[in-house]
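> My questions concern the predicted model and sequence given below.
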Amino acid sequence: MEARPRSLTRKTYYAMKMKRAVHLLFYKRHREPGVKGWELRRRLGPDYPKVLNLLDDYLEKLDLAVKTVFEEEASPPEKPRLDQLDKARFYVTLRGSLTPRETKLVGWRIDDLAALAVSLGYLISKGGKAPRKDLENLLRVKLPGWRADLNLSRFVRSGYFIEDENSQLYLGWRTRAEVDQKRLINLFLEAEQA
Amino acid sequence: MAVAKKPKRLAKEELRRIIELCQSVEAKGLNPFLVEVEDLISIVKEYFPDWKNPEELALDAETLNQIASVIKMQSEWIKHRATSLYRDPFLIEEKLRSLPVETLADLFLQAWRPIVEMEQVTIPSLSEALMYWDGLAPLDERWRRAVFVLSETEATTREDLIRQGILSSETFSVELERLWDELKEATGEKGRIGYWDFIGAETYEETVRRAYLTSFLVTYGYATLEVHPLEERIFMKPNKKPVSKEDAQFFSFPISISPEEWMRWRQGREA
């Protein structure tokens, strides 16, 4: 545990901690991005939730946010306890949304993005689990077969989906961190058909 | 009315069909409530008394395992339906099939908050890496150093124990005689003392040292081990003179001196 030196003002102390938190959260340190709560506690001290709140406020001006993904994904706690925060994973994500033009800058083709949208929508509607074959068939309606397969493999590699030995696909860690699942489903249902 | 029993071959086939049914529900993502679990269980129950050999019993267990998986799927199905995320899958699929690619991408962008990840080389990290590289020995040198000698597992020797500090280099027989005197003193008029009460010491290392020496006290005839298997108690009895065991039949009696046993003894003593 790190004690606050007396000579430091409150503002300097938290500014210093925020800088350290930025280094931890922005730079990929493991295979997966993001940092576990217990790791932040060890590096920033027991008041790390407060440091993250301050950082989140600061990042708002830059259209970024500190995102918390709890272990209990189905029912994330409203007022999380310290032990729940310790087990959670923290990421920095975009706060607002990208425009279609901007997606090119982050390396996505529009049909790949649509394939991800369709796959996610289908998996969420099936309770987070579906056979890969079903998804391939669905994607092949609008994409060539090789591209459907390539896309699914890419989504698995980047963590949007997990695939088991029986070729069943599940929602992966990246989906939990990046996608507002409820909003996505509602948007699909509200959309006017062509 | 008595129902005629099916031959074993048909009964086994039926169990295999149940397994396939359960697996297909999972593989195809079908509604798990399409499976009548109670009917399946009654079939398994009906055939169970006929199974005798391990292969048949394994098939029975596998069938039950698959039925249990279906029950788990049913529970998850209900949980999913109860969440706010639940919408009719057919309706969603219909939408996904009919919406144009551009609209799908646009909608997704409204719910997508990509993670910000950075990878960057800094001057301090480069200089640290350079220092590491300078200090790194060439590969052929490193591989030469890592030579492992394959050796057989063997019993600990007295020299090993001296090197590890368990035994002192003092003459072994002197140490044994001293321990023998200690045993005679500790037993007093009772003539015997509990094994752990004799070897037990303040530290685990010292306890192991005493246990090691005590084993020689018994082997060389300075003392006798009295074992009460039913009460799970072992006593040490000193002999007045070392007893020659030339004609006796030797046998080994292993006693565990684990740290847990030692802790238990200490706690018992302090209680």
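Thanks, I have the structure now. Residues are numbered from 1 along each chain as shown, chains lettered A, B, ... in the order given.

> show me where chain B has helices.
B:8-28, B:37-47, B:54-82, B:89-98, B:101-111, B:123-135, B:139-145, B:158-163, B:172-187, B:195-199, B:204-219, B:259-270 (DSSP state H).

> Can I get those helices in a markdown table including mean pLDDT, mean neighbour count and distance to A:Arg20?
C-betas here are computed from N, CA, C, even on glycine. Shown next, in a markdown table, are these (pLDDT from 0 to 100; neighbours: other CB atoms under 10 Å in any protein chain shown; distance: least, CB to CB, whole Å):
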| stretch | mean pLDDT | mean neighbour count | distance to A:Arg20 |
| --- | --- | --- | --- |
| helix B:8-28 | 88 | 15 | 46 |
| helix B:37-47 | 90 | 14 | 55 |
| helix B:54-82 | 88 | 15 | 40 |
| helix B:89-98 | 87 | 16 | 43 |
| helix B:101-111 | 91 | 20 | 31 |
| helix B:123-135 | 81 | 9 | 15 |
| helix B:139-145 | 72 | 9 | 35 |
| helix B:158-163 | 72 | 12 | 47 |
| helix B:172-187 | 86 | 15 | 58 |
| helix B:195-199 | 91 | 20 | 53 |
| helix B:204-219 | 89 | 18 | 42 |
| helix B:259-270 | 81 | 12 | 41 |
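
> Export those as TSV, with columns for distance to A:Leu54.
Shown next, in TSV, are the helices of chain B (distance: least, CB to CB, whole Å):
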stretch	distance to A:Leu54
helix B:8-28	47
helix B:37-47	53
helix B:54-82	37
helix B:89-98	39
helix B:101-111	27
helix B:123-135	26
helix B:139-145	47
helix B:158-163	57
helix B:172-187	67
helix B:195-199	59
helix B:204-219	50
helix B:259-270	47
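
> Test my guess that B:Phe33 contacts B:Ser75.
No - under the criterion of CB atoms under 8 Å, B:Phe33 makes no contact with B:Ser75, lying 10.9 Å away.

> how does chain A divide up, domain by domain?
Chain A breaks down by automatic domain parsing into domains covering A:10-96, A:101-190.

> Is there proximity between the shortest one and chain B?
Yes - taking CB under 8 Å from any CB of the partner chain as the criterion, domain A:10-96 and chain B are in contact, through A:26-28, A:33-34, A:64-65, A:67, A:74, A:91-95.

> Residues contacting the helix or strand A:Glu136 falls within, please?
Following DSSP states H and E, one finds A:Glu136 within helix A:132-140. Applying CB atoms under 8 Å, 6 or more residues apart in numbering or on different chains, the external contacts of helix A:132-140 come out as A:115, A:118-119, A:122-123, A:145, A:147-149, A:151-152, A:163, A:167-169, B:28-29, B:93, B:96-97.

> Filter the residues you listed down to just the buried residues.
Listed as buried from the contacts of helix A:132-140 are A:115, A:118-119, A:122-123, A:147-148, A:151-152, A:163, A:168-169, B:29, B:93, B:96; burial here means 16 or more other CB atoms under 10 Å in any protein chain shown.

> Show me what secondary structure element comes after the helix or strand bottoming out on mean pLDDT in chain A.
Here the helix or strand of chain A ranked lowest by mean pLDDT, DSSP states H and E is helix A:100-103, holding a mean of 78. Sequence order places helix A:110-125 as the next helix or strand after helix A:100-103, per DSSP H and E.

> Show me where chain A has its strands.
Ranges of strands in chain A, per DSSP state E, are A:35-36, A:64-69, A:89-94, A:129-131, A:161-163, A:168-171.

> Need the winner for burial among these.
strand A:89-94 (a mean of 22; mean count of other CB atoms under 10 Å in any protein chain shown).

> and the angle for it with strand A:64-69?
Counting by axes from the mean of the first three to the mean of the last three CA atoms, to 10 degrees, strand A:89-94 lies at 150 degrees to strand A:64-69.

> Out of the strands of chain A, which gets nearest to B:Tyr212?
Closest to B:Tyr212 of the strands of chain A, according to CB to CB: strand A:35-36, at 46.2 Å.

> And for A:Thr103, the neighbour number?
Look at A:Thr103: counted by other CB atoms under 10 Å in any protein chain shown, it has 20 neighbours.

> now it, nearest residue through space, not along the chain?
Take A:Thr103 and drop its neighbours on the chain: the residue closest to it by CB to CB, 6 or more residues apart in numbering or on different chains is A:Leu113, 6.0 Å away.

> Am I right that that neighbour is in contact with B:Leu107?
No - under the criterion of CB under 8 Å, A:Leu113 makes no contact with B:Leu107, lying 10.1 Å away.

> And the residue lying closest to A:Leu98 once chain neighbours are set aside, how far from A:Glu102?
Distance criterion CB to CB, 6+ apart; nearest residue to A:Leu98, sequence neighbours excluded, is B:Leu109 at 5.4 Å. Separation of B:Leu109 from A:Glu102 (CB to CB, to the nearest Å) stands at 9 Å.

> And for B:Cys22?
Taken as CB to CB, the span from B:Cys22 to A:Glu102 is 47 Å.

> about what we covered before: looking at the helices of chain B, which is nearest to A:Arg176?
When these are compared by CB to CB, helix B:101-111 sits nearest A:Arg176, at 12.9 Å.

> The closest one to helix A:110-125, inter-axis angle?
Going by the same axes, to 10 degrees, helix B:101-111 makes 60 degrees with helix A:110-125.

> Between all of the residues of domain A:10-96 next to chain B, which two are at the greatest distance?
Between any two of the residues of domain A:10-96 next to chain B (CB to CB), the greatest distance is 30.5 Å, for A:Tyr27 and A:Ala74.

> Of the two, which one has the most company?
A:Tyr27 (13 against 10).

> who touches that one in this structure?
Counted by CB under 8 Å, 6+ apart, A:Tyr27 has contacts B:Glu117, B:Met118, B:Glu119, B:Gln120.

> Just send those back as a markdown table, with neighbour count and distance to chain A too.
Converted to a markdown table, those look like this (neighbours: other CB atoms under 10 Å in any protein chain shown; distance: CB to the nearest CB, whole Å):
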| residue | neighbour count | distance to chain A |
| --- | --- | --- |
| B:Glu117 | 14 | 5 |
| B:Met118 | 12 | 5 |
| B:Glu119 | 7 | 6 |
| B:Gln120 | 7 | 7 |
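
> Which members of those are positioned in strands?
Going by DSSP E, the strands hold none of these.

> okay, now the domains of chain B?
Split by automatic domain parsing, chain B gives B:8-76, B:162-270.

> Which positions in the stretch 51-200 of chain B make contact with chain A?
Counting by CB under 8 Å from any CB, the stretch 51-200 of chain B sits next to chain A at B:76-77, B:79-80, B:83-85, B:87-89, B:91-93, B:95-120.

> Need the pLDDT of B:Leu167.
If you check B:Leu167, the pLDDT there is 66.

> quick one on the thing from earlier: of the helices of chain B, give the one that comes closest to A:Val106.
helix B:101-111 (10.6 Å).
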